[in-house]
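*Asks:* no FASTA, just this:
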């Protein structure tokens, strides 16, 4: 069975050596010193290894059951959820006035990683609740906030997001769920929603569904969508629970993975709902949460790769098979461990260099969200909005790819469920799909984000990279291994952006290259994070850091990424430059 | 639920336009005229669509059950197996003297594709039997052949391959299963074998296990391994079935996919076995079948991608979501079909161009096997031995990748088992692992095959490509779209081979690039097949072929592959050129 240990040293490295959080001029960051973050992350690491990880296989095997209209979660989930709740882990970045600890989002992100690595399906119950909390915080009335936020922050109640309907996912303008205004200011919500994660369960007293629906007579399409709070049990004015609302579980979907999470068909039948934010502005309310939600999904992608990688390393060290081509490494044993073989090294280095780069990228993204939210910095907001589809799309594609690669290290045992490696791949697979399928992320990136504010955010990112290279040019330890490849990759990014700008007349030219651009930019972002990580490691070694092995390993891992992964940008550029012609050549009937 | 239709036109195109089978000077090929192959493949296509495909989901959902020591296959499998058997589909290329139809292996391969696309798990029962048939044919005594081959050809009895043990898979020298000689010339076989596909089931009277084991006192390691026939029921001299042999099913493994096939732990307890071939030469006997077996697994890889692709195309045409960026294509409907979107086109073109290239490559490989076996052509044998790890490794990696891509077209529905797209991905996953994990294929290619006969087979492949380019250079329809990219890609292959030759002193330099070389060569092979396909299509159009749309589509699909996939060779070369240093930089403890 798999195990999991939170990579605490690397969390600290990213937060303090790379991002230097406590030196950043963002409210709340001054408190994030090394000892504080170490203490917090060590605690959540223990909880993840000892409580959540052992339930990962249980959740996968048992799944959720619908019994007499109520969803039963797998054995042990309820007690574990109590522990998570009691430890305050659900409310790390919730406002203190609603019972949270008021920490920055970057700390929520760092603390989230081990919980997601240990048990992705379980962690979704609180993840969705965090989303509902954020939506009500941003758009609710004060009365709504007072009624719902303390319970959501603590996860005494959990939350859900209801967007998709059987005939529409990405194109929410086609939505049919209706919300009819009532005399008392509430609405009656009727319709069917599908793919509702954590849609029902037995771990909380109440469930607060956030539901997108159309108020009859409103604008057509996406402009007529509003957002509603629909509690499972009506909440009385004194905060106590009243009647069961008109929302029921149609069924639990049988999925490829994340079996521990109850993905429900939800039927709303004149359920009482309360408008949140303005009528017909429901999408705007959803978009506010989108950067955070998509960053959270990107994290799911790489976090599964992290957990799978740890087990692949253990297996590669334990399993004796064949001999090193350069001579036996374990001459007293019947064979050498797998890890002596270059191709096993290759795949482990692929996984390791991705995982650490992805972590740095995600934590950096979280710090940009903090900067944007807490200081109103428009450049940070623009930059993280540009990065969001890359974090989501690139990290989930690669996270799945490397979870599969880790499974491959196990040979035949990787295919047997008992060994647990299949679950990492099956669970990671969903992250490429939900919260906007990755093709939609690419469309968002190239069709929308690149052009925002006249393209100045991508330009800002170029300049940031150029500035970094210039600043470090004299550093021989960085020059040829890190700065030169980064410069080449960022030039590819620039060339692709130029190509897109030149193809305004035929938008298909740009959109045919959107997926490649998402990956190209993903590599540039990870290359940039690796260059920054290398600079931080060199600095730490110069400063006489005691743990030299950690920093040397960091540098070697970074060199691998720059030498063997970053050159992918030129392939993506070559594809982008072919434009729409090869992509759109066929009639639909010719496929 | 998914559907499946055999791509009959493309089978005919590859066999007749590209490979021109009936003109090849290989015994039996003259009979393979267009009408004959069309008739055979149409029949097996119907069987696949109507009988096998509907059982694909049944097999996945029900799986196999072990009841009182006997394996029960999923509902409907037994009746379908009877139909396959009665139609003579198990014996297409078996020798006529053993009840087969004596057709070339290329016909077996072509007929196999639709059965594997329709139901991979089901088809494995006969696939393994085909392997056992081939092993006994190549190495058995005449008495063994007479006793077993007719029953295996007809699949009245089925076969299995028993190699892996709990502690050894790739490294079979570590094997512990023992075969102790008896006075009557038979052996008593004792040990445990795992991952035995089709290990037991209720669809045949008898099961003929081929088991690798060590005769005590023989040479150490892999050189002391022998191959045995161990029937489930002892076969009496008159051919009737006698006592149950000492072989039992320990359990059925719970796997990620191919649930319809019973993957068993097999326990041998003094089971009666009969040596096949020479003592201690068991691996040689296995290797004889390896090209065919690995080609068959490569076919499984792309065949899953083919089936998944067909359903992705249907979904992309049916599902209405969003509007084409260049203006509504379905103005009377609520939205346009997915297929209008460039990124959907991109992924469908990726899938289609891979599938068709992979088919041509595989059929070509099968024709090389025929040439080698039926004419003793050493060049053909050398070439197909070189290609075998590429067919197996590249086509299964890409087949899985594109099955996942097809699943992605379905958005959230792709993750729901009911829609059937998850199964294609889960089933395809095993093909990357079994019959030698793909890392082992890469090792076989770079560590062994490249150097065979002084490297002359790779050189022969270069020359073949060069010759083709030269021959067609004057053809403007091919020059820039096909020949130039093929030349560039084959130069990358040559450069990589040169790098490997230059790194004899440090074999880790070559082995660190082995996986990339397998993919590099895979792209060159598909690029070559696309160039040949394009030449054939141009010729057909010049010859006034009536189905111009088919040939035009073929050319457009080929152009896509050459423009957007083939350039991957330069990325692989860049990685190969980094050598072992980045790959082997870390201590094992630093992962």
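*Replies:* Thanks, I have it. Just so it is clear, the model here is predicted, and its values are computed rather than measured.
*Asks:* how long is stretch A:59-78 end to end?
*Replies:* Start-to-end span of stretch A:59-78 (C-alpha to C-alpha, to the nearest Å) is 12 Å.
*Asks:* Can you give me the buried ones in that stretch?
*Replies:* A:59, A:60, A:62, A:63, A:64, A:71, A:72, A:73, A:74, A:76, A:77 (16 or more other C-beta atoms under 10 Å in any protein chain shown). For every residue, glycine as well, the C-beta is placed using N, CA and C.
*Asks:* Likewise for stretch A:449-467?
*Replies:* Under the neighbour-count criterion of 16+ other C-beta under 10 Å, stretch A:449-467 has A:449, A:450, A:451, A:457, A:458, A:460, A:461, A:462, A:465 buried.
*Asks:* Dump these to TSV, plus pLDDT and distance to residue A:148.
*Replies:* Formatted as TSV, the buried residues of stretch A:449-467 follow (pLDDT from 0 to 100; distance: C-beta to C-beta, whole Å):
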residue	pLDDT	distance to residue A:148
A:449	95	31
A:450	94	37
A:451	92	37
A:457	97	34
A:458	97	38
A:460	97	37
A:461	98	37
A:462	97	43
A:465	98	42
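*Asks:* Just name the closest of these to chain B, please.
*Replies:* The closest of those to chain B turns out to be residue A:451 (C-beta to the nearest C-beta; 13.0 Å).
*Asks:* Can you tell me how far the closest one is from residue A:60?
*Replies:* Using C-beta to C-beta, to the nearest Å, residue A:451 is found at 42 Å from residue A:60.
*Asks:* pretty sure residue A:580 is touching residue A:512, no?
*Replies:* Yes - proximity of residue A:580 to residue A:512 meets the contact threshold set by C-beta atoms under 8 Å, at 4.4 Å.
*Asks:* out of those two, which sits in the more crowded spot?
*Replies:* Taking neighbours as other C-beta atoms under 10 Å in any protein chain shown, residue A:580 and residue A:512 compare with residue A:512 leading, 28 against 20.
*Asks:* list the contacts for that one?
*Replies:* By C-beta atoms under 8 Å, 6 or more residues apart in numbering or on different chains, the residues touching residue A:512 are A:578, A:579, A:580, A:583, A:584, B:342, B:343, B:345, B:346.
*Asks:* Could you give the backbone dihedrals for residue A:53?
*Replies:* When read as degrees, to the nearest 10, the backbone of residue A:53 gives phi -60, psi -40.
*Asks:* And for chain A, the residue most distant from the center?
*Replies:* Distance from the C-alpha centroid of chain A peaks at residue A:332, with 45.2 Å (C-alpha atoms, centre = their mean).
*Asks:* Show the pLDDT at that residue.
*Replies:* On pLDDT, residue A:332 comes in at 96.
*Asks:* tell me which element it is part of?
*Replies:* Taking DSSP states H and E as the definition, residue A:332 sits outside all helices and strands.
*Asks:* what about it, distance to residue A:315?
*Replies:* Separation of residue A:332 from residue A:315 (C-beta to C-beta): 21 Å.
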